[in-house]
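*Asks:* Fold the following.
(one chain, ligands or ions: 1)
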Amino acid sequence: MLGDRRGMVDFAGCAAAEGQGETIRDLYGALAARWIAAGAPRHLALIPSSDEALIDPWLRLAFGVQFVWAVRETAAMKPVEAGVRIRPGTPNDLELVAKLDRSLHEHQAGPPSFSGLTIASDEEFRADWSDLWDDPDIYTHFVAERAGMPVGHVVLYRRPTGDLRVPNDNIDLSHAATLPAARRSGVSLALMGHALTWAHEHGFRSMTTDWRSVNLLSSRHWPRRGFRPTFYRLYRALP
Ligand SMILES: CC(C)(COP(=O)(O)OP(=O)(O)OC[C@H]1O[C@@H](n2cnc3c(N)ncnc32)[C@H](O)[C@@H]1OP(=O)(O)O)[C@@H](O)C(=O)NCCC(=O)NCCS
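*Replies:* Residues are numbered from 1 along each chain as shown. Modelled structure (predicted):
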């Protein structure tokens, strides 16, 4: 059980021999009874995306895909011609980063995500991001500029390994956004080309990322950039 009225089957928490889908449904029935009794009406299950036979019983329990974890190999990419210059981020970019994170939250507050989250104040966004540049061994930040104005960024994170989600020699694409007025003009293509090449040259073999499946922008963008799902977070909310 998680603290916020959610019950979760974590990574590697669900496995079954072939043909045992009905056993999964029985097990969920028993688990759900305990969760409901404990006041947790929101249920999550993290299931390998490659295992259709394991996903099927959950779909027949009224679960749907809410969130996707994915991975791709790093590579030396051809530079993308999008009229942008990519440079390392600095603490002077705090205002930009706060604005970009706000744009992600605003996007996800709208249809069809309806995140329902209260959007933080500018001050709170700035406070959240103020330590991004403190330890270059944890985060690597790239900013795209067009005509001298910053228009987008990517944040790479050396996410600790140790679970099924994060391979060895991996770096995580933990935040990416383009200012709304500059979207669909190649800013992210240029940033991702740069980030994948940088990661490749620095010995990272793979890049992980994740997205909400109801985020129509990211859920279309990352698969087209070569990211392949590894795990789905399946979700069911009881009234
Ligand atoms: C997801 C996001 C970062 C993509 O950034 P972007 O800068 O708009 O992406 P690009 O312009 O590089 O690429 C978008 C599409 O436009 C296309 N494109 C690029 N240059 C183009 C041009 N000059 N004319 C027309 N299309 C173009 C790309 O080929 C791509 O199409 P494809 O996905 O079908 O291959 C952006 O939509 C965003 O900020 N979304 C809100 C925040 C968010 O969801 N972040 C991700 C959280 S997981």
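*Asks:* So Ala53 lies in a helix, does it not?
*Replies:* Yes. Counting by DSSP: H, G, I helix; E, B strand; the rest coil, Ala53 is part of a helix.
*Asks:* ok, for the most centrally placed residue in the chain, nearest residue in space, not its chain neighbours?
*Replies:* In the chain, the centroid-proximal residue (CA atoms, centre = their mean) is Asp210; its distance is 2.3 Å. The shortest distance from Asp210 to any non-neighbouring residue, by CB to CB, 6 or more residues apart in numbering, is to Trp69 (4.7 Å). In this view, the C-beta of every residue, glycine as well, is placed from N, C-alpha and C.
*Asks:* Could you say which helix or strand holds that neighbour?
*Replies:* Assigned by DSSP states H and E, Trp69 belongs to strand 64-73.
*Asks:* what mean pLDDT does the following helix or strand past that strand have?
*Replies:* Remark: after strand 64-73, the chain's next helix or strand is strand 85-88, criterion DSSP H and E. The predicted model assigns strand 85-88 a mean pLDDT of 98.
*Asks:* do stretch 65-82 as well
*Replies:* 96.
*Asks:* All further residue positions should be reported with the first residue as 48.
*Replies:* From this message on, residue numbering opens at 48, which makes the last subject stretch 112-129.
*Asks:* Please see if the strand holding Trp116 touches the ligand.
*Replies:* No. Using CB under 6 Å from any ligand atom, strand 111-120 stays clear of the ligand, coming no nearer than 9.6 Å.
*Asks:* Return the list of strands paired to that strand, each annotated with direction.
*Replies:* strand 253-259 (antiparallel), strand 275-284 (antiparallel) (DSSP bridges).
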